[in-house]
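In: Let me see the structure of the following:
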Amino acid sequence: MVKKDQKQSLTVTILQTGLLVGTLDLLAAMMSQYVKTGLFAEKMLLYIAGGFLGLEKSMAGGYEVEMLGLFFHYFIATSFTVLFFLLYPRWKILSRNVYLIGMLYSAFVSLFMRLCVLPLTQLPSLPFILSRAFTDWMILGLALGIPISFFASQFYKENK
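Out: Numbering: from 1, shown residues only. Predicted structure coming up:
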């Protein structure tokens, strides 16, 4: 990020944070997949693109389809970053505890994706398993929620 004594624009901070959390989330998802299965998630980006193209088409795709999956992944991560940064100055509760709010925001993101976004895609629905959801919320909190909460807090403190 930029030095603390320089004021950053909101757009630059959001884009930097979106890029960071998108990368952390993708790495966390790949590591989680490896821990669960012992296999590298080489088709993860194809699967993400399957939400738009359908799994049959996306899994047969190549580099272009992987780039489409990467685009959607970063678009979603950045969209949730934008939402948090826009809500932060309006909802004072978001400035209370960076860690707690980050973890709660990750649960919100996970539930919103599961209940609102994924049903609109061509991906198959997966059964809800509470223990798996809790683990996913923890991982998402560390990769997405806490960093977004932290950087929003820093941005608004520095730009009062």
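In: tell me which helix or strand of the chain sits lowest on mean pLDDT?
Out: Of all helical and strand segments in the chain, the minimum by mean pLDDT, DSSP states H and E falls on helix 130-140, at a mean of 85.
In: which helices and strands does that helix pack with?
Out: Applying 3 or more CB pairs under 8 Å, 6 or more residues apart in numbering; DSSP states H and E, one finds that helix 130-140 contacts helix 10-37, helix 98-112. In this view, the C-beta of every residue, glycine as well, is placed from N, C-alpha and C.
In: Pick the most deeply packed of those helices.
Out: helix 98-112 (a mean of 19; mean count of other CB atoms under 10 Å).
In: Now do it: everything it contacts.
Out: The contact list for helix 98-112 (CB atoms under 8 Å, 6 or more residues apart in numbering) reads 80, 84, 93-95, 133, 136-138, 140-141, 144-150, 153.
In: secondary structure element for the most centrally placed residue in the chain?
Out: The geometric centre of the chain, computed from its C-alpha atoms, lies nearest to residue 77 (CA atoms, centre = their mean), at 3.8 Å. According to DSSP states H and E, residue 77 maps onto helix 63-87.
In: That helix versus helix 10-37: what angle between them?
Out: If you take axes from the mean of the first three to the mean of the last three CA atoms, to 10 degrees, helix 63-87 sits at 120 degrees to helix 10-37.
In: name the helices or strands packed onto helix 63-87?
Out: Applying 3+ CB pairs under 8 Å, 6+ apart, one finds that helix 63-87 makes contact with helix 10-37, helix 44-53, helix 55-60, helix 98-112, helix 146-158.
In: Any chance of the ones you listed in JSON lines with mean pLDDT as columns?
Out: Listed next are the helices and strands packed on helix 63-87 as JSON lines, based on pLDDT from 0 to 100:
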{"stretch": "helix 10-37", "mean pLDDT": "92"}
{"stretch": "helix 44-53", "mean pLDDT": "91"}
{"stretch": "helix 55-60", "mean pLDDT": "90"}
{"stretch": "helix 98-112", "mean pLDDT": "93"}
{"stretch": "helix 146-158", "mean pLDDT": "94"}
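In: Of those helices, which is nearest residue 123?
Out: Smallest distance to residue 123 across the helices and strands packed on helix 63-87 (CB to CB): 5.0 Å, for helix 44-53.
In: contacts for the closest one?
Out: Contacts for helix 44-53 (CB under 8 Å, 6+ apart): 26, 29-30, 33, 55, 57-59, 61, 65-70, 72-73, 118, 121-123.
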